[in-house]
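Got a sequence here, can you model it:
(2 chains)
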Protein chains: 2
Amino acid sequence: MLVIGEKINTSAKDVEKAVEKRDTSFIQDLARRQVISGADALDVNVGTRIHTEVEDMKWAVKVIQKVVEVPLCIDSPNPLALEAGLTQHKDKAIINSVTAEKKRVEEILPLLKRFRSKVIALTMDEAGIPEDMRRRYTVAERLVDLLTREGIALDDIYIDPLVRPISTDSGCGWTVLEAMRKIRGSFKGIHLICGLSNISFGLPRRELLNRVFLSIAMPMGLDAVILDPLDKGMIPVIRAGEALLGKDEYCTKYLSSFREGKL
Amino acid sequence: MLVIGEKINTSAKDVEKAVEKRDTSFIQDLARRQVISGADALDVNVGTRIHTEVEDMKWAVKVIQKVVEVPLCIDSPNPLALEAGLTQHKDKAIINSVTAEKKRVEEILPLLKRFRSKVIALTMDEAGIPEDMRRRYTVAERLVDLLTREGIALDDIYIDPLVRPISTDSGCGWTVLEAMRKIRGSFKGIHLICGLSNISFGLPRRELLNRVFLSIAMPMGLDAVILDPLDKGMIPVIRAGEALLGKDEYCTKYLSSFREGKL
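I've put the predicted structure just below:
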């Protein structure tokens, strides 16, 4: 399971302030703590700072890479900010994100090819986020077709079937899980990713819902997740899930996480 | 999800002592607390007291039914103890358990018919517990055939695919989950049950593994579980799972559990 830490995002006030002030040690510390806690990659989003986003992304990617070895997930709606981050990035980065919208595909494809990045592909198009399982699948199929036709390897594609809150529609948790299972079954070698926290929006004890949803999604084929690794309950769920699903031979990873005090 | 509380079992020293001393208030209190915590049924097992099991079962069923309304799960390898418990039981009880062993079937079938009980059917036969998914399924199929041929309704059958510890075989968690999915897919209207705690035997942080396994098993079709309802983490996982899987319209049950302080 690839864990992408979500904390470096200027929608959080303290992060925004740190980016504005070029507070290197704050940002580097946040990067380091996420990796120590179990993040395999880090999302970098400075999108609230519309007017300075390109420069901010460049700076953030540069200072983060000085202290952690993990790949960064360059997260922006702005192709120029993506390009700035990718230019700065040392090895293979992850672009967050492309959709099936024509304009977005045209913006992202050249970057993908030029930087040989991985990419998170959201199952949405001009019509918005599909409500049902079937249409989510159809959009995923179109994305896979679009990207592979341009030479992008399946292993570089992370399909995100877009989790919606169960508080607004009781059935939408199951819908997205079924979409995961169908996508995973149809495209061997592809990855499945999701952001977790949206599922529990509007309900109490959100961390409980997030953890149980993460557990349930793993056997459906979810193999990457964007979350807060500083939430102490999340990584243990992943380690337990891997052990229970036969993805951790002799429970080696589970046991060493326990010995390191991480469970 | 039918939750069967497992606490009334003389393998626990304090329960054994209470049964021996006919400590009515201890047993009744343990029954009441499990029901308040969320148990929908209670297992009663006095099997360690081989020489007095029949009398003990009769007494236990009698005193428990005075304080709680839920059905009891009469749990014994001894047909005479089962009969004693069933005779004492007011409404529809659950027999725990039958297997596909010829002798066991011959002992249990007459009781099942006479008392019109529900029954937990373990996927094992003379050859023991099957190692692989396919054989678990084959034994389940034989059990369903055996029982329905004798007029037992599918709704009265709870198949237990027998969870084994992942500490001895990393693949056996996935094996049992796949068996669940296949059994659930093949016999519409049947129930799937398991005891949870065996999965984590021999590993640290067992409650973490038990909870994640319970989460994962729900979408595979598990709709009944034997567990310790006094473990405060279990019922919240079930309520969250039901909400996430679209089995709790408008999250009504989840929200009322929250308001009652049970999440």
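
drop to CA atoms for contacts and neighbour counts, all remaining ones
Fine.

Show residues contacting whichever helix in chain A runs longest.
As assigned by DSSP state H, the longest helix anywhere in chain A is helix A:133-149. Contacts to helix A:133-149, defined as Cα atoms under 8 Å, 6 or more residues apart in numbering or on different chains, come from residues A:99-100, A:109, A:121-125, A:129-130, A:154, A:157, A:159, A:161, A:175-176, A:178-179, A:182-183.

These in helices, which ones?
Taking DSSP H as the definition of helices, these contribute A:109, A:175, A:176, A:178, A:179, A:182, A:183.

ok, now how distant is the residue lying closest to the second one once chain neighbours are set aside from residue A:182?
I take that to be residue A:175. Of all residues not flanking residue A:175 in the chain, residue A:133 sits nearest, at 5.3 Å (Cα to Cα, 6 or more residues apart in numbering or on different chains). Taking Cα to Cα, to the nearest Å as the criterion, residue A:133 is separated from residue A:182 by 9 Å.

Please, where are all the strands along chain A?
Ranges of strands in chain A, per DSSP state E, are A:2-9, A:41-45, A:72-75, A:94-98, A:118-122, A:157-160, A:191-195, A:224-227.

Quick one: closest of those strands to residue A:258.
strand A:2-9 (18.0 Å; Cα to Cα).

Show me the strands paired with the closest one, marking each as parallel or antiparallel.
In the sheet containing strand A:2-9, the strands it pairs with under DSSP bridges are strand A:41-45 (parallel), strand A:224-227 (parallel).

Now do that strand, average pLDDT.
Here the mean pLDDT over strand A:2-9 is 97, rounded to a whole number.

Give me the most central residue, chain A.
Averaging the C-alpha coordinates of chain A gives a centre point, and the residue nearest to it by Cα atoms, centre = their mean is residue A:226 (4.0 Å).

does it really touch residue A:196, like I thought?
Yes - the pair residue A:226 and residue A:196 passes the contact test of Cα atoms under 8 Å, sitting 6.7 Å apart.

near chain B, which residues of chain A show up?
Within chain A, the residues that sit near chain B (Cα under 8 Å from any Cα of the partner chain) are A:166-174, A:203-205, A:208-209, A:212-213, A:215-216, A:219, A:236-237, A:240-241, A:243-251, A:255, A:258, A:263.

are any of those residues buried, and which?
Among these, those buried by neighbour count (16 or more other Cα atoms under 10 Å in any protein chain shown) are A:166-167, A:170-174, A:203, A:208-209, A:212-213, A:215-216, A:219, A:236-237, A:240-241, A:243-251, A:255, A:258, A:263.

from those residues, which ones fall inside helices?
Using DSSP H to define helices, the subset of those located there is A:172-174, A:208-209, A:212-213, A:215-216, A:236-237, A:240-241, A:243-244, A:255, A:258.

Check the spacing between residue A:107 and residue A:49 real quick.
When Cα to Cα is applied, the distance between residue A:107 and residue A:49 equals 20 Å.

What is the burial count for residue A:222?
Other residues within reach of residue A:222 by the criterion other Cα atoms under 10 Å in any protein chain shown amount to 24.

now swap in residue A:145 and tell me
Each residue near residue A:145 was counted by other Cα under 10 Å, and the total is 12.

Repeat that for residue A:202.
Counted by other Cα under 10 Å, the residues lying close to residue A:202 total 12.

excluding its backbone neighbours, what's nearest it?
Using Cα to Cα, 6+ apart, the closest residue to residue A:202 is residue A:167 (6.0 Å).

got the contact list for the one you found?
Residue A:167 makes contact with A:200, A:201, A:202, A:203, B:250, B:251, according to Cα under 8 Å, 6+ apart.

need these in TSV with distance to residue B:20 and pLDDT, can you?
Supplementary listing: these in TSV, determined by distance: Cα to Cα, whole Å; pLDDT from 0 to 100:
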residue	distance to residue B:20	pLDDT
A:200	48	96
A:201	51	95
A:202	51	96
A:203	47	97
B:250	47	95
B:251	44	96
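
these two touch, right, residue A:250 and residue B:165?
No - no contact is recorded between residue A:250 and residue B:165 when judged using Cα under 8 Å, the distance being 11.3 Å.

Please work out how many residues are found near residue A:126.
The number of residues packed around residue A:126, counting by other Cα under 10 Å, is 10.

okay, now the residue lying closest to it once chain neighbours are set aside: neighbour count?
Setting aside the residues directly before and after it, residue A:126 is nearest to residue A:101 in space (Cα to Cα, 6+ apart), at 5.4 Å. Residue A:101 is flanked by 17 other residues according to other Cα under 10 Å.

Same check on the one 10 residues further on?
Using other Cα under 10 Å, residue A:111 has 18 other residues around it.

Tell me who's in contact with the closest residue to residue A:199 other than its chain neighbours.
With Cα to Cα, 6+ apart as the criterion, residue A:199 has its nearest non-adjacent residue at 4.2 Å, and that residue is residue A:165. Going by Cα under 8 Å, 6+ apart, residue A:165 touches A:172, A:173, A:198, A:199, A:200, A:201, A:202.

So the residue nearest to the centre of chain A versus chain B, what's the distance?
19 Å (Cα to the nearest Cα, to the nearest Å).

any idea how far residue A:180 is from that residue?
16 Å.

and what of residue A:160?
Residue A:160 sits at a distance of 9 Å from residue A:180 (criterion: Cα to Cα).

Please identify every residue contacting each of the two.
Applying Cα under 8 Å, 6+ apart, one finds that residue A:160 and residue A:180 are jointly contacted by residue A:192.

More neighbours: the two, which one.
The neighbour count for residue A:160 versus residue A:180, taken as other Cα under 10 Å, is higher for residue A:180 (29 against 26).

most neighbours, which of the ones in helices among the contacts of helix A:133-149?
Comparing the ones in helices among the contacts of helix A:133-149 by number of neighbours (other Cα under 10 Å), residue A:176 comes first, having 26 neighbours.

so that one touches residue A:163, yeah?
Yes - counting by Cα under 8 Å, a contact exists between residue A:176 and residue A:163, whose distance comes to 6.3 Å.

wait, what's in contact with residue A:84?
For residue A:84, the contacting residues are A:54, A:55, A:57, A:58, taking Cα under 8 Å, 6+ apart as the criterion.

Equivalent analysis for residue A:132, please.
residue A:175.

Would you mind giving the domain segments of chain A?
If the domains of chain A are taken from automatic domain parsing, they occupy A:1-91, A:111-223, A:232-263, with pieces of a single domain joined by a plus sign.

Switch these over to TSV; also include distance to residue B:39.
Converted to TSV, the domains of chain A look like this (distance: least, Cα to Cα, whole Å):
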stretch	distance to residue B:39
domain A:1-91	34
domain A:111-223	20
domain A:232-263	25
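
Quick one: closest of those to residue B:27.
Nearest of these to residue B:27, taken as Cα to Cα: domain A:111-223 at 32.1 Å.

ok so, going back, and the residue nearest to residue A:199, what pLDDT?
Per-residue confidence for residue A:165 comes out at a pLDDT of 95.
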